[in-house]
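Visitor: Fold the following.
(chains A and B)
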Amino acid sequence: MSGRSGHDGRLLTVPARRAVHAPVQTVAEVVGRRPVDAYVELRLAAPGIAARAEAGQFVAFAVGGETSGLLLRRSIAISTVDDGVVTVVVAAAGPGSTWLTERRTGDVLDVVGPLGRPFPDPPAGARALLVGGGYGAAALVGLAARLIGRGHRVDVVAGAAGADRLCSVQELTGLADRIAVTTDDGSSGRRGQVTLAVDELLPDAGVVYACGPMPMLRAVAGAATAREIPSYVAVEESMACGIGVCMTCVLPIVGDDGRTRFSRSCTEGPVFGGDRVRFDDVGTLPWDVVGADAMGVVQP
Amino acid sequence: MTVVEAVVDMSTSLGAVPIPSPVLTASGCSAFGRELEPFVDLTAIGAVVTKSVQLRPRSGRPTPRMAETPSGMLNSIGLQGPGIDGLLAEELPWLADRGARAFVSIAGTRVEDFAELAQRLRGVPGVLGLEVNISCPNVESRGEVFACDPVAASDVIAAVRDVADPAHPVYAKLSPDVTDIVGVARAVTDAGADGLSMINTLLGLVIDPDTMRPVLGGVTGGLSGPAIRPVALRCVWQVHQALPEVPILGMGGIRSGLDALQFVLAGASAVSVGTAVFNDPSAVARVHTELADALAARDFASLADAVGYAHRDTRA
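Guide: I've put the predicted structure just below:
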């Protein structure tokens, strides 16, 4: 019935817990800007957010200034927090994110955060495998530091279409026991997708964390679940508000009670158990989603 | 900080029920209010207008549900929600515990659905009144919403008013996608509506030039945001001109206090801030402050004095 691969009936993960702290809205000064290949790393003086943030959470930016015709917030994963400074990596995808990448030191940004649920802690003593796709790897830097600080061994796989789309490899190399890099075009590391390296490192892993595009998350979660290893994925759904009021960023997620709901990626994610995301059903309305019957969708 | 504080009396009412602020959330744009708690004092705003509730829990439509458009957005959520049981068990008690006022939006596909919802909301603590959503474009019948037909719209409102808590003002939420909004407004007030909420979204479409298919899973969606503000304002103006005694809750692209002021001047005695909340989660409180300042700057002693003020030279 579900999009889970293998092991129907027994879920390996628990839903990610809520964050400890409520978010704040703040005006943050850009205190650092660094182009990194295809991306731009922004450092923001946001002590209120930095003090509250946990690994896996994100921030939501207003873009274009006060009279902007672009109303929707841009949600971007927090890479690291340090001494009141929040670091994010921005990919210029459309006019809003491009505007963000053009900010200069001294500019100010309206930021809401930290938002979403953090990555759950790993099982005691478990070796963690962290898998980042494209700029999704940035979201794993803070997590890697936290895990190592708590005595866990950490392996990393970073993959992207090409070398210029890899992200945070230097930071992660400094933290991980082992790091593997893959690119689709072979321009850096091994040619191929992250699953090449994931399959090799999985046997040693007690938990998997992943952030990146949906096809990658689906492949990584599937591989982990097939080996009965719990996995947690941070999704990159497009969100209008980031705070849970617009209901646009929903995914079909299997809950604690085993029933599937359209769950908000912002407030019930962005971190979900990898075996709880029905990847095959994204973009559809399966009959067994709670409330599908009221939409006229019936059991076939 | 200036020493002189704005002394404008901002109190107003929904129907006969007084509220301390004329600025409310908008249905469908602030869920059930909980998520705004970190950003807004929910007891200080006029009311939390809840996302439209139906009898049964609804999954809503498949994704993608949203497309950004110039100064706005198109949405096709499909009224995802917990159903009336979930609302009564979880959301309304949460608001009541905090002393927040709930203006409950109800929706349905049949007249009897609306009536049953109104019945179940009788006497519920914290419920201030009902906004009857007869105009959501994201329902099964799409363009053929109740609010497009004066007779169908009146049937719903009459049925709701008949069974609703007598203390609950009943507001009819109107669609701008009609030829004669004054005719619909007149029909629903004749049927017993205590006020009018104007406007719901406009039905729209966005096509992805890369896939060459509609962006939204639901194909069409409701357009909201500042892009629709002049349309909304025109609707409020026309209806207030024709029915000056009928209270209007104005909405459609309000982002600032000056936007809200336009609606008040056109005839709204209260306003809802909707899509702007996505841009600024504290928008509802901010718009209240900006509106109070704008009224003070124009020497209004009260909000009530400004309601419909733009009509002063055009009244026959």
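
Visitor: what's the neighbour count on A:P300?
Guide: 4 (other C-beta atoms under 10 Å in any protein chain shown). No exception for glycine: its C-beta is placed from N, CA and C like everyone else's.

Visitor: do the same with B:L249
Guide: 28.

Visitor: what residues are up against it?
Guide: B:14, B:24, B:131, B:171, B:195-198, B:268-272 (C-beta atoms under 8 Å, 6 or more residues apart in numbering or on different chains).

Visitor: Verify the contact between B:A268 and B:I254 for me.
Guide: No. With contact defined as C-beta atoms under 8 Å, B:A268 does not count as touching B:I254 (9.6 Å).

Visitor: how about the strands in the stretch 201-300 of chain A?
Guide: Taking DSSP state E, counting those that start in this stretch as the criterion, the stretch 201-300 of chain A contains strands spanning A:207-211, A:231-234, A:250-254, A:260-264, A:271-273.

Visitor: Which one of those strands lies nearest to chain B?
Guide: strand A:260-264 (5.3 Å; C-beta to the nearest C-beta).

Visitor: quick revisit: could you dump the strands of the stretch 201-300 of chain A into a markdown table and include distance to B:L121?
Guide: Shown next, in a markdown table, are the strands of the stretch 201-300 of chain A (distance: least, C-beta to C-beta, whole Å):
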| stretch | distance to B:L121 |
| --- | --- |
| strand A:207-211 | 43 |
| strand A:231-234 | 39 |
| strand A:250-254 | 26 |
| strand A:260-264 | 24 |
| strand A:271-273 | 34 |
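
Visitor: report the longest strand in the chain, please.
Guide: Just going to use chain A. Ranked by number of residues, the top strand in chain A under DSSP state E is strand A:24-36.

Visitor: ah, I was thinking of chain B
Guide: Chain B, longest strand under DSSP E: strand B:127-133.

Visitor: With distance to B:L36, mean pLDDT and mean neighbour count as added columns, please give the strands of the stretch 201-300 of chain A in JSON lines.
Guide: As requested, those are arranged in JSON lines below (distance: least, C-beta to C-beta, whole Å; pLDDT from 0 to 100; neighbours: other C-beta atoms under 10 Å in any protein chain shown):
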{"stretch": "strand A:207-211", "distance to B:L36": "28", "mean pLDDT": "98", "mean neighbour count": "28"}
{"stretch": "strand A:231-234", "distance to B:L36": "24", "mean pLDDT": "98", "mean neighbour count": "29"}
{"stretch": "strand A:250-254", "distance to B:L36": "19", "mean pLDDT": "98", "mean neighbour count": "25"}
{"stretch": "strand A:260-264", "distance to B:L36": "15", "mean pLDDT": "97", "mean neighbour count": "23"}
{"stretch": "strand A:271-273", "distance to B:L36": "23", "mean pLDDT": "98", "mean neighbour count": "26"}
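
Visitor: Show me what the helix or strand just after the longest strand of chain A is packed against.
Guide: Of the helices and strands lying after strand A:24-36 in sequence (DSSP states H and E), the nearest is strand A:39-45. For strand A:39-45, the packing partners by 3 or more C-beta pairs under 8 Å, 6 or more residues apart in numbering or on different chains; DSSP states H and E come out as strand A:24-36, strand A:85-91, helix A:95-101.

Visitor: check contacts around residue 240.
Guide: Picking chain A for this. A:72-73, A:246, A:248-249, B:66, B:68, B:73, B:75, B:278.

Visitor: let's do chain B instead
Guide: B:246, B:248, B:266-268, B:308, B:311.

Visitor: Where does it sit: helix, strand or coil?
Guide: Counting by DSSP: H, G, I helix; E, B strand; the rest coil, the backbone at B:H240 sits in helix.

Visitor: Check it and give its pLDDT.
Guide: Per-residue pLDDT puts B:H240 at 98.

Visitor: rewinding a little: ChimeraX command to pick out the buried ones of the contacts of B:H240?
Guide: For the buried members of the contacts of B:H240, the matching ChimeraX selection, counting by 16 or more other C-beta atoms under 10 Å in any protein chain shown, is:
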select /B:246,248,266,267,268,308
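
Visitor: could you dump the contacts of B:H240 to CSV with pLDDT, distance to chain A and secondary structure?
Guide: What follows is these, written out as CSV (pLDDT from 0 to 100; distance: C-beta to the nearest C-beta, whole Å; DSSP: H, G, I helix; E, B strand; the rest coil):
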residue, pLDDT, distance to chain A, secondary structure
B:V246, 98, 29, coil
B:I248, 98, 24, strand
B:A266, 98, 22, helix
B:G267, 98, 26, coil
B:A268, 98, 21, coil
B:G308, 98, 28, coil
B:H311, 97, 29, helix
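
Visitor: one step back: please see if the longest strand of chain A touches chain B.
Guide: Yes. Strand A:24-36 is in contact with chain B by C-beta under 8 Å from any C-beta of the partner chain, via A:24-25.

Visitor: Next, the angle from that strand to strand A:85-91.
Guide: Put simply, strand A:24-36 runs at 60 degrees to strand A:85-91, going by axes from the mean of the first three to the mean of the last three C-alpha atoms, to 10 degrees.

Visitor: partner strands of strand A:24-36, parallel or antiparallel?
Guide: Looking at strand A:24-36 with DSSP bridges, its partner strands are strand A:39-45 (antiparallel), strand A:108-115 (antiparallel).

Visitor: Any chance of CSV for the ones you listed, columns distance to B:D149, mean neighbour count and mean pLDDT?
Guide: Converted to CSV, those look like this (distance: least, C-beta to C-beta, whole Å; neighbours: other C-beta atoms under 10 Å in any protein chain shown; pLDDT from 0 to 100):
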stretch, distance to B:D149, mean neighbour count, mean pLDDT
strand A:39-45, 52, 22, 97
strand A:108-115, 41, 23, 98
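
Visitor: possible to save these as JSON lines with distance to A:E228?
Guide: JSON lines is the format used below for the strands paired with strand A:24-36 (distance: least, C-beta to C-beta, whole Å):
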{"stretch": "strand A:39-45", "distance to A:E228": "35"}
{"stretch": "strand A:108-115", "distance to A:E228": "31"}
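
Visitor: Out of those strands, which gets nearest to A:T80?
Guide: strand A:39-45 (9.3 Å; C-beta to C-beta).

Visitor: Tell me the helices and strands packed up against the longest strand of chain B.
Guide: Counting by 3+ C-beta pairs under 8 Å, 6+ apart, strand B:127-133 packs on strand B:17-19, strand B:102-106, helix B:150-163, strand B:170-174.
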